[in-house]
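Asker: give me a model of this one.
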Amino acid sequence: MKINRFWSWLFFGVGALYFVLPLVSTAEFSLKMRRSAYTLDAYWTVLADPRFQQTFTYSVLMALATIAFGVLLVVPTAYWVRLKLPRWRPVLEFITLLPLIIPPIVIVFGYIRLYNTSSWLPLTGSAMGTNLLLMFGYVILSLPYMYRAIDTGLRAIDVATLTEAAQSLGAGWVTILARVILPNVAVAVLSGAFITFAIVIGEFVMAALLNRPSFGPYMQLLGANRAYEPAALAVIAFAITWGCMALIQFVSKFAPKAPGVQH
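Answerer: Residues are numbered from 1 along each chain as shown. Predicted coordinates for the structure are as follows:
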């Protein structure tokens, strides 16, 4: 037993070093903009850069739009399938897994081919249309995570009983979704939202090929032309991602447990 515990801790330590050491080295390098001392100059330079402010703000707005559209798409769909079409659930799960199989570059080239300026719906002909197209692409990329988070939340509640109770009180479908189902899966929605936010903030391929001023292409451009600032930007990006993961762990404590699960 002690031997097994020793090997478990050994493998855990090796794995932790594998992930932590590169990040520590990057963080240390980002503090060496002045050769004589450790300073935050690289971070102040990045934060004061107008391009950082523009691209980060753009990506945050795109992330919020993606989350809103994703929730409006996934919550009614997952609810209806669980309530009325349970046999279609495996099909829906397979469809939501496709973004993990199809590379983003294939998706975005398909968008460009279908919605270019000579097509029947020329979304790429305007900034607003291209932004809309990019948001749809982000919704597809986040679909596996958003759907599974919400589906897990729906499994933890008695959807049929809640629906019947609301209908007996005269509630319509929109009222049931907005005032009964959504509040009960709010924690699951937040978990999917934080994952979506992390994906959108760091996404590069779609934004670069659609030529949008997002955070991912800015990180690549800065990394190709500077030394210390890219390291600082990488630490900031890691902090954002880990912050989202920490928030997921925090809100998951308030999620309702599935039937049969002990508190």
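Asker: now do the same for Pro256: its pLDDT.
Answerer: Looking at Pro256, its pLDDT reads 59.
Asker: going forward, begin numbering at 25 instead of 1
Answerer: I'll keep to 25 as the first residue from here, and by that count the last item is Pro280.
Asker: give me the low-pLDDT residue ranges for the chain?
Answerer: 25-27, 277-287 (pLDDT under 70).
Asker: so where do the helices sit in this protein?
Answerer: Using DSSP state H, the helices of the chain run over 26-54, 65-72, 74-108, 113-125, 128-138, 151-179, 183-192, 197-200, 206-208, 210-226, 229-233, 239-249, 252-276.
Asker: got the contact list for the spatially closest residue to Ser276 that is not a sequence neighbour?
Answerer: Leaving aside its sequence neighbours, Ser276 sits nearest to Ser215 (CB to CB, 6 or more residues apart in numbering; 6.2 Å). Glycine gets a C-beta too; all of them are placed from N, C-alpha and C. By CB atoms under 8 Å, 6 or more residues apart in numbering, Ser215 lies in contact with 173, 272, 275-276, 279.
Asker: hang on, the earlier thing: quick one: closest of the helices of the chain to Trp144.
Answerer: Among the helices of the chain, the nearest to Trp144 by CB to CB is helix 128-138 (8.9 Å).
Asker: and the closest one with helix 113-125, angle?
Answerer: 100 degrees (axes from the mean of the first three to the mean of the last three CA atoms, to 10 degrees).
Asker: now do helix 128-138 against helix 151-179, angle only.
Answerer: Using the same axes, to 10 degrees: helix 128-138 against helix 151-179 is 130 degrees.
Asker: which parts of helix 128-138 are buried?
Answerer: The neighbour-count check on helix 128-138 (16 or more other CB atoms under 10 Å) flags 128, 131-132, 135-136 as buried.
Asker: contacts for it, please.
Answerer: 123, 145, 147-148, 157, 160-161, 164-165, 227, 229-230, 233-234.
Asker: next, format those as TSV and append distance to Pro100.
Answerer: Shown next, in TSV, are the contacts of helix 128-138 (distance: CB to CB, whole Å):
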residue	distance to Pro100
Pro123	20
Leu145	24
Leu147	24
Thr148	29
Leu157	23
Phe160	17
Gly161	21
Ile164	17
Leu165	20
Glu227	25
Val229	29
Met230	25
Leu233	31
Leu234	28
